[in-house]
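**Student:** Coordinates for the following, if possible.
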Amino acid sequence: MIAIRGNIELKDDIELTAHLASLLRMENVGVLLGAGASVGCGGKTMAQLWSDFEAHSAEELSWLIANKYVAPRGMPGIEPKTDAPNVERLLDTLAISIAEWERSKEASLAPAKKARAAIYRALVRASVLDQKWWETPEGVGHQEGRLASHRLLLQRLTSARQPGQAAPWLFTTNYDLSIEWAADSIDLNLINGFMGLHSRRFSPQSFDLGFRNVQAKGEAQFGSYNVYLAKLHGSLTWKEVSGQFYEIQATEARQEIQSFTDGKTDDLAFTVLPSAAKYIQTVGFVLGELFRRYSEFLARPQSALLVSGYGFGDEHINRLLVSALLNPTFQLVVYLPAFSGPDSISALPIAAQNLLSLESPRVTFVGGGPDSYFDGFVSHLPEPSIYDDDLRKLEERLRGFTSEKGEAGEGA
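**Tutor:** Numbering: from 1, shown residues only. Below is the predicted model of the structure:
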C-alpha cells in the first residue's frame, strides 16, 4: 500500500487510519462508491463488464467494430476483441445515431438498437449480483459474508457521528442493491429519496429528514440512525410510471429484469441505463435532484468525501469533484488501486492526474493494488473504540493540566 497526502507520503496503516479518524469527525462525511466496490459481492468492474459483453454478444461486437464505434485489437483472423471503452460514451454515441436513423429510416437502425440492448444486458447482468437475493422478501441476511464490508462501512460511518452532526451520505454510480441489502440486514434506516409504504414515490424532500432516538440524552446521542443514499445513475428497481418515479420491491422487479437479460425483450422499463440525453436528464426531476444533492454536499463547510471503487469514468462527477476543492474546508480521500506512487501518475485517468498535480494537503490518494480495494478501504476506517480511547486520553491530559494549574495557583 502507498498513501500520499498532498506531496507527503503517509508512513503506514496507523497513520492513514488516524487521518481517516480525524476526517470522520468532520461536520459532513460522505462516501462515493464506483463499480469496484461491488466486485466482492458479485459485481463487475467496467473492464470485466466489457469482457462479458464480448463473450455474450459476438455479432453485436462485430457490428460495432465494422461501424467504427469501437476499435479492434489483436491479430487478423482471430476472434475480434477490443480494449474496454468508456461504456457511457459508447452508449451516448449509439443513442445519437439511433435518434438520427429513426428520423431518416436508415437500414442501420435495427442492428444499432440490437447492439445497444446487448450492452444494456451486460450492465444489468453485472448489477444483479446474485439471483437468489431477488427471490424472497427476506433479501439478504446479516450472515451473508459477501456483504460484510458494506455492512462494516455503514456501521463505522454511523458510529462516528457526534451529537448534532448530520448522518453520513453515500453516493454511488452503481445500479445494484448492495447498499440497500446491507442496510436492511443490520436494521439501518436508508433515506434514498423515495417515500411511502406500498407505493414508494420519489420525494426529494425526504433528503431533508432524518431519524433520531427521542429518549437519547447526553452521550447516548452519539452515532446516527440513518444514512442518505444517492444513486447518481439510477437503480435496478426504479421505474417510471405515468411521469412519476417509483421504487419497486426486488421480488417484483425480478421477473422483468430476468426477461430482459434472457433476451426475451429489448426494452427494460427500469431507470438503470445511461443515454445520450444523460446530461440533459440531469436537470430533470430524479437524476437532477440527486446530482444537486451531490454538488451541494461538496460545497458544505467542513466536508470530507472518501472515494472507493471509482475509476473516474463519469465526466460530470469528475468536474464536480475537482471544483469541490474550491471549498477551503473540503477534504478528499481517493482509493485507486492503479496508483503506485508519483512515477505512475501519467498512467492514471486525467481527472485523477489533475487532482494529484495539485499536491494539496486536502487531497489524499491511496493505492498499491489489493490493499486499496474496497475491502482494504473499509478495514482502514477506525473502529468506534478508537474514538473512545482518544477521548479518554484527552480527558486524562485535561485533568492533568487542571491539576498542575491548581498546584501552581496554591504555590503562588
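
**Student:** Just name whatever secondary elements the strand or helix carrying residue 306 is in contact with.
**Tutor:** Using DSSP states H and E, residue 306 sits in strand 303-308. Contacts defined by 3 or more Cβ pairs under 8 Å, 6 or more residues apart in numbering; DSSP states H and E place strand 303-308 against helix 13-24, strand 28-33, helix 286-299, strand 331-335, helix 374-380. To be clear about C-beta, it is placed using only N, CA and C from the backbone, and glycine gets the same treatment.

**Student:** of those, which approaches residue 348 most closely?
**Tutor:** Closest approach to residue 348 among the helices and strands packed on strand 303-308 is made by strand 331-335 (10.1 Å; Cβ to Cβ).

**Student:** For the following helix or strand past the closest one, buried residues please.
**Tutor:** As assigned by DSSP H and E, the chain's next helix or strand after strand 331-335 is helix 350-357. Within helix 350-357, the residues that count as buried by 16 or more other Cβ atoms under 10 Å are 351, 352, 355, 356.

**Student:** Got the confidence number for the third one?
**Tutor:** Pointing back at residue 355 there. If you check residue 355, the pLDDT there is 95.

**Student:** OK, contacts around it?
**Tutor:** If you count contacts by Cβ atoms under 8 Å, 6 or more residues apart in numbering, residue 355 has them with 321, 322, 325, 332, 334, 363, 365.

**Student:** re the thing from before, distance to residue 57 added to the helices and strands packed on strand 303-308, as a markdown table?
**Tutor:** What follows is these, written out as a markdown table (distance: least, Cβ to Cβ, whole Å):
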| stretch | distance to residue 57 |
| --- | --- |
| helix 13-24 | 41 |
| strand 28-33 | 27 |
| helix 286-299 | 27 |
| strand 331-335 | 32 |
| helix 374-380 | 28 |
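
**Student:** quick one: which of those is nearest residue 316?
**Tutor:** The nearest among the helices and strands packed on strand 303-308, by Cβ to Cβ, is helix 286-299 at 7.0 Å.

**Student:** what is the mean pLDDT for that closest one?
**Tutor:** In the prediction, helix 286-299 has an average pLDDT of 92.

**Student:** Tell me where the stretch 51-200 of the chain has helices.
**Tutor:** Assigned by DSSP state H, counting those that start in this stretch, the helices in the stretch 51-200 of the chain fall at 58-66, 87-104, 109-128, 148-159, 178-185.

**Student:** ranking these by burial, who's on top?
**Tutor:** Counting by mean count of other Cβ atoms under 10 Å, helix 178-185 has the highest mean neighbour count of the helices of the stretch 51-200 of the chain, with a mean of 23.

**Student:** Dump the contacts of residue 355 to a markdown table, plus neighbour count, pLDDT and distance to residue 172.
**Tutor:** Below are the contacts of residue 355 laid out as a markdown table (neighbours: other Cβ atoms under 10 Å; pLDDT from 0 to 100; distance: Cβ to Cβ, whole Å):
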| residue | neighbour count | pLDDT | distance to residue 172 |
| --- | --- | --- | --- |
| 321 | 25 | 93 | 14 |
| 322 | 14 | 92 | 19 |
| 325 | 17 | 94 | 21 |
| 332 | 23 | 98 | 17 |
| 334 | 24 | 98 | 15 |
| 363 | 19 | 97 | 21 |
| 365 | 23 | 97 | 20 |
